[in-house]
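J.: pasting a predicted model and its sequence here:
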Amino acid sequence: MQYGFYFDNGRCTGCKTCELACKDYNDLDTTMLFRKVYDFEGGTWTQAEGDAWTTTTFSYHVSAGCNHCDAPLCMAFCQFDAILRDEDTGIVFIDEELCTGCEECVGGCPYAVPRFDAEQQVARKCDGCLKRIKDGKQAICAESCPLRALAFDDIESLRASYGTVDQIPPLPEPKTNPNLVINASPAVGSPEIAEGYIANDLEVA
């Protein structure tokens, strides 16, 4: 079995409960996020004759974490075999006892998922709440979402239910074969999408 995430872009309100629940469960300090909620927006307002206005503005939120990819570059960049895949679930995780803190995985992941913990001198990332999953529970981010915009389950089952879309802006091109399914909101179809920007870039850096 390969686990993956389902994200319902149309349901997400950007409340960041998933982000905070993850921080609390993993006891992360203020400088580290395993899950990030991007506020993505764009478009313009145009004034016409008679003081009428038209708009192409849009705004939506993307909750993003580790996608436990089929071809994870974090694993490929690790020279010390410290990044592993669980045989039962396909979840990709870091063995912090093997990690040397070289930070190669940090720069290698297109989703910027691994983070360097300066205090512990190791790289850290989402482990899919592996212990919770093996105990028959949901990942903490998915369980905490009040709008049920997240789920973590067998990826083939999720694809059968929700389709195969695995990228919307601002996420990068899915070159690592992410185990991710997205239900895109109507805002993703905005004609101004190419000029969209992350409005909370400092928060998710």
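T.: Done, it's in. Numbering: from 1, shown residues only.

J.: show the end-to-end separation of stretch 27-38, please.
T.: 21 Å (Cα to Cα, to the nearest Å).

J.: same thing with stretch 66-79?
T.: End to end - Cα to Cα - stretch 66-79 spans 20 Å.

J.: burial of E49, as a residue count?
T.: E49 is flanked by 5 other residues according to other Cβ atoms under 10 Å. Using the backbone N, CA and C atoms, a C-beta is placed for each residue, glycine as well.

J.: what's in contact with stretch 35-43?
T.: Applying Cβ atoms under 8 Å, 6 or more residues apart in numbering, the external contacts of stretch 35-43 come out as 12, 14, 16, 18-19, 22, 55-65, 126, 141, 169-170, 190, 192-193, 195-200, 204.

J.: buried ones among those?
T.: 12, 14, 16, 18-19, 22, 58, 60-65, 126, 141, 169, 190, 193, 196, 198, 200, 204 (16 or more other Cβ atoms under 10 Å).

J.: A21: which element?
T.: Using DSSP states H and E, A21 sits within helix 17-25.

J.: what residues are up against the closest residue to S190 other than its chain neighbours?
T.: Among residues not flanking S190 along the chain, F58 sits closest, at 4.2 Å (Cβ to Cβ, 6 or more residues apart in numbering). Residues in contact with F58 (Cβ under 8 Å, 6+ apart) are E41, G42, G43, A187, S190, E192, I193, G196.
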